[in-house]
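> Requesting a structural model of the entry that follows:
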Amino acid sequence: MTSSVLDLTGPFMLLNALRPLRPRHTHTLLIAFTPTQQRQYREVLELHSSRMSLRLTLCGEGVEPMVTCSHSGPIMDFGHLLENDTTTQVIKLYNGSVLPVKFSVLLATPPDSPQPPVSQSEDTQSTDLSSHTTERPTGVFAVCPDEAVIPPGKSADVNVTFQPQHTHTYTQGLTIQLSNKQTVCAADLRGVAQKNNLHLSGVDQGPTHTDDKSVLVILRSDGGAVSRSLELACIRTSQPVAKKNVEFVWEGSAALKGSGFSVDPPKGSVEAGGRKSLNITYTPPKGHTQDMVEVVTPLTLKGHETEIYNVTLQAFPPR
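Purely as a prediction, here's the structure:
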């Protein structure tokens, strides 16, 4: 037997070779259909023998996969976690197509070098104080499953797990692609691992290395009182740590009043998984003549480890 030649740029392809057929024997033809567009296709395949010809009309329809993803946005943030702890987030995929759809989850290669610990910023930005790097990072994100087939009208869950071993700010790219190379999800996975179960954010300038506990908070007044807020969070963990909550106290809060500063609350606690705003207010004293007012006050944070930050408060009254 012989056959006509199918369109080399078309979606149909004859996969196996033809061979002579003995009387009452059969031969199976394997024909692949690989559409590249959402439309209907039709092509004729002719089979020839010494005595007859057979025309086969090949028909197929290309269908665009309709898969939606529960995660939106360029970032999937796992927040702060203790070293050797684990947290998982779920991405749900729904197949609205009439055919099964296969997907694959791809993780980018982790960065070869650690990120800078904390960078200086303008007073309109804030810094997280727990982003210090102590060791070279390794891949700490994992996905399950990394590929699967979603039946029509069904959903599939992709579990993304963050399990860091060392104190570091981690980031890694994640992409979910369908079998036609269509991307249904692209996000940067981000997470911070640390040794202590507390973290403080919202300052203008943080420590430059792990042992440094000096931070800067800037307040600019237009003539009246001006306020800023720091945020203290307590990490929830399943590990057997000695202290689950976080206590804080502004040492010398009473002495701040003479320079026009006040803090609220001056002391308190944060339960596991909770957050609390530490409000700092500057009210220019009457008759002030200074271009800048600066005060340094200790902030003691007691988690399962105690940290003491030397907080420099800088206020710029109106001229």
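
> show me the contacts for residue 236.
Contacts here follow CB atoms under 8 Å, 6 or more residues apart in numbering; on that basis residue 236 touches 272-273. Every C-beta, even on glycine, is put in place using the N, C-alpha and C of the backbone.

> rerun at 10 Å
79-82, 85, 87, 197, 244, 271-274 (CB atoms under 10 Å, 6 or more residues apart in numbering).

> which SS class is it?
Taking DSSP: H, G, I helix; E, B strand; the rest coil as the rule, one finds residue 236 in the coil state.

> what bridges to residue 278?
On the basis of DSSP bridges, residue 278 is bridged to residue 230.

> Count the residues that sit near it.
A total of 21 residues lie near residue 278 under the criterion other CB atoms under 10 Å.

> same check, this time on residue 69
Neighbours around residue 69, by other CB under 10 Å: 17.

> Could you grab the helix/strand/coil label for the closest residue to it other than its chain neighbours?
Leaving aside its chain neighbours, residue 69 sits nearest to residue 185 (4.4 Å; criterion: CB to CB, 6 or more residues apart in numbering). Classification of residue 185 using three-state DSSP returns strand.

> ok, residue 185 touching residue 143?
No. Residue 185 is not in contact with residue 143 according to CB atoms under 10 Å; the separation is 11.0 Å.

> Between these two, which has more neighbouring residues?
residue 185 (20 against 17).

> what about the strands in the stretch 51-200 of the chain?
Using DSSP state E, counting those that start in this stretch, the strands of the stretch 51-200 of the chain run over residues 53-61, 67-69, 75-82, 87-95, 101-107, 127-128, 141-144, 147-150, 155-162, 168-178, 183-194, 198-203.

> Among these, show me which one is buried the most.
Mean neighbour count, computed with mean count of other CB atoms under 10 Å, is highest for strand 198-203 among the strands of the stretch 51-200 of the chain, reaching a mean of 22.

> so what secondary structure elements neighbour that strand?
Other elements packing on strand 198-203 under the criterion 3 or more CB pairs under 10 Å, 6 or more residues apart in numbering; DSSP states H and E are strand 75-82, strand 127-128, strand 214-220, strand 226-234, strand 246-250, strand 275-282, strand 293-302, strand 306-316.

> cutoff 8 Å now
Packing partners of strand 198-203 (3 or more CB pairs under 8 Å, 6 or more residues apart in numbering; DSSP states H and E): strand 127-128, strand 214-220, strand 226-234, strand 293-302, strand 306-316.

> Rounded mean pLDDT for that strand, please.
Confidence over strand 198-203 (mean pLDDT, whole number) is 88.
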